[in-house]
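Engineer: sequence unavailable; structure follows:
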């Protein structure tokens, strides 16, 4: 089976999406598929025909970082960089979903993403700050 992860990295050169475990356990390969969080290492590329696939490379718009990317920088949410793309995508889906930015809700939203560097506090702080700074619309389309 050809995986979405392989097509993104090898065919399209979108190497921001990382391969961690290759088994859907770590979240390093998290992308948004029609707005839903998925592990690209588990998705057959044949199943994404006609779908909207958003990777970490798609966060920045018009040469400006996404507010969530900026918050990760300000709050120290990025350390070694292996989990960062997946955390950003899970965080972006959380913010776009319009949920209240409580510690518990953010922890639940990133539960499928593992980080061995930060202890999650700085990541949660960054997602909370970005969520509070953005208007809550419930969809990415309204944010663009």
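Structural biologist: Yep, it's here. Please read all numbers here as calculations on a predicted model, not as lab measurements.
Engineer: wait, what's in contact with the spatially closest residue to residue 66 that is not a sequence neighbour?
Structural biologist: Leaving out its chain neighbours, the residue that sits closest to residue 66 by C-beta to C-beta, 6 or more residues apart in numbering is residue 59, at 3.9 Å. Using the backbone N, CA and C atoms, a C-beta is placed for each residue, glycine as well. The contact partners of residue 59, by C-beta atoms under 8 Å, 6 or more residues apart in numbering, come to 65, 66, 68, 69, 88, 89, 92.
Engineer: could you find the closest non-adjacent residue to the residue nearest the centre of the chain?
Structural biologist: The structure's the chain has its C-alpha centroid closest to residue 89; by C-alpha atoms, centre = their mean the separation is 1.0 Å. Once flanking residues are discounted, residue 89 sits nearest to residue 30: 4.5 Å by C-beta to C-beta, 6+ apart.
Engineer: isn't the one you found right next to residue 111, touching?
Structural biologist: No - under the criterion of C-beta atoms under 8 Å, residue 30 makes no contact with residue 111, lying 11.5 Å away.
Engineer: which one's more surrounded, these two?
Structural biologist: Taking other C-beta atoms under 10 Å, residue 30 and residue 111 do not tie; residue 30 has more neighbours (30 against 10).
Engineer: so for residue 133, what's the nearest residue that isn't a sequence neighbour?
Structural biologist: Distance criterion C-beta to C-beta, 6+ apart; nearest residue to residue 133, sequence neighbours excluded, is residue 67 at 5.8 Å.
Engineer: can you count the residues close to that neighbour?
Structural biologist: 17.
Engineer: who's in contact with it?
Structural biologist: Residue 67 makes contact with 130, 133, 134, according to C-beta under 8 Å, 6+ apart.
Engineer: sort out for me which of the residues you listed are in helices.
Structural biologist: The helices, defined by DSSP state H, take in 130, 133 from the contacts of residue 67.
Engineer: got the contacts of residue 67 as a markdown table, with neighbour count columns?
Structural biologist: Shown next, in a markdown table, are the contacts of residue 67 (neighbours: other C-beta atoms under 10 Å):
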| residue | neighbour count |
| --- | --- |
| 130 | 25 |
| 133 | 13 |
| 134 | 17 |
